[in-house]
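Undergrad: Just need the structure, nothing else, for what follows:
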Amino acid sequence: MSHPVDDSTDNRAPAPERIAAFYDESPSYFVPIAIIVSVVAALAVGIYVNFYTAPAPPPSNPKPDFKLVYEQLGVSPDPAAELEKTITGTKLLDQLRREPCDREAIQPLAKMLVSFGYPREAATAARKFGERCGYSAKLLEEAYAALTRINDFTGAVAVANEMIKLDQARSRYRYLRGLAYEGMKNPRGALSDYISALQLFTDLSNVAVSEFYRISRMYAAIGRYCDAITPLEMYISYDVTKRQTAQLTKMITEYANDGSCRAHYASGSDKVWITKNNVVDVTINGVKARMLVDTGASMVSITPGLAARARILPDEQNLMTFQVVGGTVQSAPGYAQLIQVGQTSAASVPVAISVGREAAFGDQIDGLLGMTFLARFNFTFSSGILELKPRTIN
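TA: Model (predicted):
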């Protein structure tokens, strides 16, 4: 007779150990964790390969290369870096990269270089642009201002020369070159340009005293103190009542004392008949001449033929430009030892000798009797009579 197994006793055999629990027992987390770790590791490897070993993709908007622009304008690395720090600078550079002769871009770019403290680079950029693309007045003035700021007056003269090429009859350009010559300690060059600037004004009676005073200063700088008087007397002569000030009188007196001018500056009085065409007989260094009376001419001006006959040597190193009917004429400064009109005379008178134009003043006319002679006198000019009385130098 069989008996059922009695499990109720304590003498039963122990259960065997198991390597892994049955699924119907408590769950195990080992396998899911292992899978997750493997996935993360794979992602990490992928990210490393992607970002650290693969080449970087090109940017969507690559930075323009301005190397050629800098070479064309002569811009060095330091100012170039400053320009590229600004949106406006980068924009202007890009305009010049695309259109190397864009005039609307170069002038503000030059201004920016000056504002960043690079005036020489601004002037260089402006000049190189002008050499390639043609100069403009505004661009040249930017370059001139930049160079004078750093006292590069030699460079400023070169820039002013280009201005004058643009417009021979523009008085401002002569004035600017005169300032640069004065900065170079070249009073003769400055004198010629200041005289040219004055002569290119259409109405001398409406010119400020400063324009006349600059000429006086340059005459004094080369030791011609008596000549320094004449521009001031010229200014006064256009309105004696209002312009004969104590300050100008004092300056004239000082120049007269420095040059011992009173004895020969002007002498004699006379009333001289002139023709209906304002022609008067004049004697220069003993040579007879026929000249037009011209109160609008800052200087006595003569033809090359009269200069040769009167033995007046032209200073062709310091040419001046005068406005005449029909255009401009180049003239060289010189000095007449003595000019006589009737019973009046003036010694050591500055004159302008026209260059290569024998008929510059009209047929059979030897020149213009201008203010370097007339301003030494109290004069009236009307009804066919020129009346001259010497001015008193106190």
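Undergrad: For the rest of this, base every contact and every neighbour count on C-alpha atoms.
TA: Fine.
Undergrad: now the stretch 1-150 of the chain, which segments are flagged as low pLDDT?
TA: 1-62 (pLDDT under 70).
Undergrad: Quick check: bridge partners of I339?
TA: I284, A346 (DSSP bridges).
Undergrad: List the residues that contact it.
TA: For I339, the contacting residues are 282-285, 345-347, 349, 373, by C-alpha atoms under 8 Å, 6 or more residues apart in numbering.
Undergrad: and which of those residues is nearest to G130?
TA: Checking the contacts of I339 against G130 by C-alpha to C-alpha gives V349 as the nearest, at 41.5 Å.
Undergrad: Downstream of the helix or strand encompassing the closest one, the next helix or strand is which one?
TA: Per DSSP states H and E, V349 falls inside strand 344-354. As assigned by DSSP H and E, the chain's next helix or strand after strand 344-354 is strand 367-369.
Undergrad: From the contact counts, what lies against that following strand?
TA: Contacts defined by 3 or more C-alpha pairs under 8 Å, 6 or more residues apart in numbering; DSSP states H and E place strand 367-369 against strand 287-293, strand 300-302.
Undergrad: Take the ones you listed and write them to CSV, including mean neighbour count, mean pLDDT and distance to T249.
TA: As requested, the helices and strands packed on strand 367-369 are exported to CSV (neighbours: other C-alpha atoms under 10 Å; pLDDT from 0 to 100; distance: least, C-alpha to C-alpha, whole Å):
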stretch, mean neighbour count, mean pLDDT, distance to T249
strand 287-293, 19, 95, 26
strand 300-302, 28, 94, 24
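Undergrad: Spell out the secondary structure type for T321.
TA: At T321 the chain is in strand, as set by DSSP: H, G, I helix; E, B strand; the rest coil.
Undergrad: meant to ask about V280
TA: Secondary structure state of V280, per three-state DSSP, is strand.
Undergrad: Do I have it right that D366 meets V287?
TA: No: applying C-alpha atoms under 8 Å, one finds D366 not in contact with V287, separated by 11.0 Å.
Undergrad: circling back: show me the contact partners of the strand holding V349.
TA: Applying C-alpha under 8 Å, 6+ apart, the contact partners of strand 344-354 are 227, 264-270, 299-304, 307, 314, 329-340, 360, 372-373, 376, 388.
Undergrad: Name the helix or strand for M251, please.
TA: helix 246-259.
Undergrad: right, I mislabeled it, should have said L140
TA: With DSSP H and E as the test, L140 turns up in helix 137-149.
Undergrad: for T380, same thing?
TA: In this assignment (DSSP H and E), T380 forms part of strand 377-382.
Undergrad: okay, the angle between the helix or strand following that strand and strand 344-354?
TA: Where DSSP H and E defines the elements, the next helix or strand beyond strand 377-382 is strand 385-390. Calculated by axes from the mean of the first three to the mean of the last three C-alpha atoms, to 10 degrees, strand 385-390 forms an angle of 110 degrees with strand 344-354.
Undergrad: and strand 385-390, what's its mean pLDDT?
TA: On average, the pLDDT along strand 385-390 is 94.
Undergrad: Can I get that strand as CSV, trimmed to CA atoms?
TA: Only the C-alpha atoms of strand 385-390 are listed here, as CSV (Å, rounded to 0.1, in the frame of the first residue of the first chain):
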residue,chain,number,x,y,z
ILE,A,385,41.7,161.4,-64.8
LEU,A,386,43.8,159.4,-62.4
GLU,A,387,44.7,161.5,-59.4
LEU,A,388,47.5,160.3,-57.2
LYS,A,389,48.7,161.6,-53.8
PRO,A,390,51.2,159.6,-51.7
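Undergrad: gap between the closest residue to G74 other than its chain neighbours and P64?
TA: Nearest residue to G74 in three dimensions, chain neighbours excluded: A125, at 5.9 Å (C-alpha to C-alpha, 6 or more residues apart in numbering). Separation of A125 from P64 (C-alpha to C-alpha, to the nearest Å) stands at 20 Å.
Undergrad: Same check on K271?
TA: Going from K271 to P64 by C-alpha to C-alpha gives 78 Å.
Undergrad: For P350, name its beta-bridge partners.
TA: Y335.
Undergrad: Just give the number of residues close to it.
TA: 18 (other C-alpha atoms under 10 Å).
Undergrad: again, but for E71
TA: 12.
Undergrad: quick one: contacts for it?
TA: Residues near E71 by C-alpha under 8 Å, 6+ apart: none.
Undergrad: Can you tell me the element it falls in?
TA: Per DSSP H and E, E71 falls inside helix 67-73.
Undergrad: buried residues in that helix?
TA: For helix 67-73, burial by neighbour count (16 or more other C-alpha atoms under 10 Å) applies to 69-70, 73.
Undergrad: Backbone dihedrals for E358, please?
TA: When read as degrees, to the nearest 10, the backbone of E358 gives phi -70, psi -30.
Undergrad: Same question for G268.
TA: Backbone geometry at G268, expressed as degrees, to the nearest 10, gives phi 80, psi 150.
Undergrad: how far away is the residue nearest the centre of the chain from M163?
TA: Nearest to the mean C-alpha position of the chain, by C-alpha atoms, centre = their mean, lies Y144 at 2.4 Å. According to C-alpha to C-alpha, Y144 and M163 sit 10 Å apart.
Undergrad: do A246 as well
TA: In this view, A246 and M163 are 38 Å apart by C-alpha to C-alpha.
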